[in-house]
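Chemist: turn this into a structure:
(2 chains)
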Number of protein chains: 2
Amino acid sequence: MADETPEVTPIVWRDGKLLLLDQRKLPGKETYLMCRGAKETARAIKSMVVRGAPAIGVTAAYGLAVEARKFRRGSIHSDFEAAAATLADARPTAVNLIWAIERMRGLMGNVAEGSDPREVAAAFADEAQRIHAQDIEINRRLGSYGAELLNGGDVITHCNAGALATAGYGTALGVIRASWDGGRRFGVYATETRPYLQGARLTSWELTKLGIPVTLVTDGMVGHLFANRAVEAVVVGTDRTAANGDVANKIGTYQIAVLARRHGVAFYVAAPTSSIDLDCATGADIPIEERDPTEVTHISGKRVAAEYVSVFNPAFDVTPNDLVSGIITEHGVVVGDYKKGLAEKVATGRRARS
Amino acid sequence: MADETPEVTPIVWRDGKLLLLDQRKLPGKETYLMCRGAKETARAIKSMVVRGAPAIGVTAAYGLAVEARKFRRGSIHSDFEAAAATLADARPTAVNLIWAIERMRGLMGNVAEGSDPREVAAAFADEAQRIHAQDIEINRRLGSYGAELLNGGDVITHCNAGALATAGYGTALGVIRASWDGGRRFGVYATETRPYLQGARLTSWELTKLGIPVTLVTDGMVGHLFANRAVEAVVVGTDRTAANGDVANKIGTYQIAVLARRHGVAFYVAAPTSSIDLDCATGADIPIEERDPTEVTHISGKRVAAEYVSVFNPAFDVTPNDLVSGIITEHGVVVGDYKKGLAEKVATGRRARS
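Modeler: Numbering: from 1, shown residues only, chains lettered A, B, ... in the order given. Purely as a prediction, here's the structure:
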């Protein structure tokens, strides 16, 4: 981990144990849940104890590290693959999950079938901690590139792409923090982000902790906001961005982009290179997770909707690249030719790590 | 009242008593609240026991009828004006409220200061019942005009412009019902409509009762719906429509109209002439109510948002006339030149009542 403690610590690795801040209970309660293996970690990801693409990646890496202690000498490779498959299945849209598993798989090349599982576990723990520390560093770099795009006007963000969605610091909120820390003074509108209320529960909580003025609105108020208040930019995160710059992010993002375009407001995406998937040519190739109807019909465990109603509950949507004003990576901002620019940034990212 | 009983009865006048279905408790509980005077009626309107522009109008008329029994011989006119002011202040955006009060004020012209208040009360009760019965009849006529615009494809509606929002039958849902009853078979997407969840609680409930297939989505899913599912039209109600066809309706309507335009989908507004305000030249003249922040920060009485967060909670927004494909009144559909067309329909409405 980085040697400074971020204000919000969603993932803790302590004495070889993986502890996750249970984000389902925020902002009411701050409790940590221990994950003892790959299955428990996958369950935590699936049930949204931890969420946000970069945070899911770091968590999966640690999940493999705790599981590695249970690998059996003689079947280390198949045990690894079983654990990797369990984690990869947890959520389909965030590509960082696959990216982190691939990083861990890279270590397996040097591991003999008869190796001591404890040594593999130690190597995995080191690598997971590297991914964790790098993620915070990447967010800080991304934040400072993004801050250059903002001029002190009010900003809208959707869902939570903050410290809670990452190893710390945040992507979209990292851009906002960096701008604030650079001396700009502005307000942030956070959309509540139904059905999971990440904006109401998490983004509002984080920004309040940071002392950045935040105003909560419902998802239906964005158009009215654009029509009636001065807004300089929208800044959001991404769960997976395709090679052409089509952006998969939390459901509701696409329509904010459409509204931003109508009102001539810039729409920026904070995308660490780990969330860019060059294997997806366009957004149409990105799988969109559909989640349980009860997320919509119930709030805080209580039914709010009429009985017997059908529900459509996609967790993400795709914003086409023509609505995106710029994609902010840890290696700079890509504008215009996303296909060329994103490939370059991903290549730079790979070189930086090797 | 009309001689047939609508499936959902939001406003009941029985033995000189005004009973309102408490819509805050739907769909969980069906209980009725009695209003004994203008103040109680205004409080019921303000606190959304009853909501929806036409329903508010009918309720205000009955509220004056129950209050009229308390008018004092010798100060009948000032007592009426005090009661009218109390009711007019209850909610600012819905023009039907003012429209209904004006209808009742029309009766006061023939009332001498020394009249027997019981006679005034009887005349008011008759007039309120006429408004009530006319509202249902108006909705049915509006519904049949609107049904001619629909060709059996799936429809999106926002908030609740159903039987619950009117004296019965519904405006936007009246159009949907009339199409269904005419033999078309299609599905309806209902947006949940935060913060008050009228779509989840009321529209889903009404359509389920009517046997019309309804799928609930959150307000952030509309863009994704348009991009991924075949939708033929959007049909919504209105709380006040300006002379130029700018439409004030539940917050979130404007952005649905923007998205409908982007995806080439028709956007229709069901507007009884009582909701058309020729005194407002454009939408900019329509007052937009802002409601209590706790509607956003709390759900079912439980806090969901972080503490200390600011909230912006406008209850309505304005959809500019260029995004409106047609305005459906009880005297036919207006397309194109709204200024001319709406003035004609309002004049027809006035003639029909005189």
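Chemist: could you pull out the helices for the stretch 101-250 of chain A?
Modeler: Using DSSP state H, counting those that start in this stretch, the helices of the stretch 101-250 of chain A run over residues A:117-147, A:172-181, A:198, A:204-210, A:222-228.
Chemist: and the last one, what does it pack against?
Modeler: Going back to what we said before, that points to helix A:222-228. helix A:253-262, helix B:253-262, strand B:316-319 (3 or more Cβ pairs under 8 Å, 6 or more residues apart in numbering or on different chains; DSSP states H and E). Quick note: C-beta positions are derived from backbone N, CA and C, even for glycine.
Chemist: mind putting these in CSV, distance to B:Val214 and mean pLDDT included?
Modeler: Shown next, in CSV, are these (distance: least, Cβ to Cβ, whole Å; pLDDT from 0 to 100):
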stretch, distance to B:Val214, mean pLDDT
helix A:253-262, 21, 98
helix B:253-262, 16, 98
strand B:316-319, 23, 98
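Chemist: could I get those as JSON lines with distance to A:Asn160?
Modeler: Formatted as JSON lines, the helices and strands packed on helix A:222-228 follow (distance: least, Cβ to Cβ, whole Å):
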{"stretch": "helix A:253-262", "distance to A:Asn160": "12"}
{"stretch": "helix B:253-262", "distance to A:Asn160": "21"}
{"stretch": "strand B:316-319", "distance to A:Asn160": "25"}
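Chemist: of those, which is nearest B:Trp13?
Modeler: Closest approach to B:Trp13 among the helices and strands packed on helix A:222-228 (Cβ to Cβ): strand B:316-319, 28.1 Å.
Chemist: identify each buried residue in the closest one, please.
Modeler: For strand B:316-319, a neighbour-count test (16 or more other Cβ atoms under 10 Å in any protein chain shown) marks B:316-319 as buried.
Chemist: what stretches of chain A score poorly on pLDDT?
Modeler: Of all residues in chain A, those with pLDDT under 70 make up the ranges A:1-7.
Chemist: out of the helices and strands packed on helix A:222-228, which comes closest to B:Val8?
Modeler: helix B:253-262 (22.2 Å).
Chemist: other SSEs contacting that closest one?
Modeler: helix A:222-228, helix A:253-262, helix B:222-228, strand B:233-236, strand B:266-270, strand B:316-319.
Chemist: make a markdown table out of these and add distance to A:Leu164.
Modeler: Below are those laid out as a markdown table (distance: least, Cβ to Cβ, whole Å):
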| stretch | distance to A:Leu164 |
| --- | --- |
| helix A:222-228 | 22 |
| helix A:253-262 | 17 |
| helix B:222-228 | 24 |
| strand B:233-236 | 35 |
| strand B:266-270 | 37 |
| strand B:316-319 | 30 |
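Chemist: tell me the angle the helix or strand that A:Arg351 is a member of makes with helix A:117-147.
Modeler: A:Arg351 is part of helix A:338-353, with elements assigned from DSSP states H and E. Angle between the axes of helix A:338-353 and helix A:117-147 is 130 degrees (criterion: axes from the mean of the first three to the mean of the last three Cα atoms, to 10 degrees).
Chemist: flag every buried residue along helix A:338-353.
Modeler: Neighbour-count burial for helix A:338-353 [16+ other Cβ under 10 Å]: A:338-339, A:341-342, A:345-346, A:349.
Chemist: one more: stretch A:264-277?
Modeler: Neighbour counts over stretch A:264-277 (16+ other Cβ under 10 Å) mark A:265-277 as buried.
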